[in-house]
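Q: quick one, what's the 3D model for this:
(2 chains)
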Amino acid sequence: DAKTTQPNSMESNEEEPVHLPCNHSTISGTDYIHWYRQLPSQGPEYVIHGLTSNVNNRMASLAIAEDRKSSTLILHRATLRDAAVYYCILSDRGSTLGRLYFGRGTQLTVWP
Amino acid sequence: NAGVMQNPRHLVRRRGQEARLRCSPMKGHSHVYWYRQLPEEGLKFMVYLQKENIIDESGMPKERFSAEFPKEGPSILRIQQVVRGDSAAYFCASSLGGGQGVQPQHFGDGTRLSIL
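A: As a prediction, the model looks like this:
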């Protein structure tokens, strides 16, 4: 089931940009790339998703490699509130099933 | 707040009792998902339901666990004859559309089940 690879942990200083990488070398043409994050003692929170083109929203940007075998979640200015586990997840747009596979994710630490 | 509501936030049960976890999806959402997070582990999918239908229960333990999403009212995850290994955080999510697709899942803050 594990179709994505992420570093176990990353660190950043407050107000600096953060680039969280994700490798998905076996991605299929119908797979969307989703990012969720989970703050301590809370449920996961949707961050962003994309298919082929880079995407921006109020929370983050998603940069997708041209061959789609990797992607990067970009937090433009990290805050203490961004400290969380970040999950990169592939989902098949043609699937009628609902499961999301949460791997280990990347634990992001933000220093003041 | 129109988010996914789960209750109770914390639930304590003794071995052998029943646990009932409730989930009210976001307004307008008719697709509900349950996940379980064991201590120090990642979230694991359990079941996906639409109103009055179970679509995918491939992650549900075969015994003691059941889920429903009636036409009226919240979705219920029911665990009968609880054991210590059931201690975990149980998260519910809802989405506007079905399947994985492009619809994000919106999660509640979970029910933390402790078995004495």
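
Q: got the contact list for residue A:90?
A: A:3, A:4, A:24, A:27, A:31, A:32, A:33, A:34, A:101 (C-beta atoms under 8 Å, 6 or more residues apart in numbering or on different chains). All C-beta spots, glycine's among them, are computed from the backbone N, C-alpha and C.

Q: can you check the pLDDT for the first one?
A: Okay, so that is residue A:3. Note on residue A:3: pLDDT of 85.

Q: and the fifth one, by the same measure?
A: The predicted local distance difference test score for residue A:31 is 88.

Q: around chain B, which positions in chain A sit nearby?
A: Within chain A, the positions near chain B by C-beta under 8 Å from any C-beta of the partner chain are A:32, A:34, A:38, A:41-46, A:49, A:91-93, A:95-105.

Q: all strands for chain A, in order.
A: Along chain A, counting by DSSP state E, strands occupy A:9-13, A:18-23, A:31-38, A:45-50, A:55-56, A:61-64, A:70-75, A:84-92, A:106-111.

Q: figure out which of those strands is closest to residue B:80.
A: Closest approach to residue B:80 among the strands of chain A is made by strand A:31-38 (28.5 Å; C-beta to C-beta).

Q: which strands and helices lie in contact with the closest one?
A: Other elements packing on strand A:31-38 under the criterion 3 or more C-beta pairs under 8 Å, 6 or more residues apart in numbering or on different chains; DSSP states H and E are strand A:18-23, strand A:45-50, strand A:61-64, strand A:84-92.

Q: show me which of the residues of chain A next to chain B are buried.
A: A:32, A:34, A:38, A:43-44, A:46, A:49, A:91, A:98-103, A:105 (16 or more other C-beta atoms under 10 Å in any protein chain shown).

Q: where along chain B do the strands fall?
A: Taking DSSP E, the strands of chain B run over residues B:5-7, B:10-13, B:19-24, B:31-37, B:43-50, B:53-56, B:65-68, B:75-79, B:88-95, B:106-107, B:111-115.
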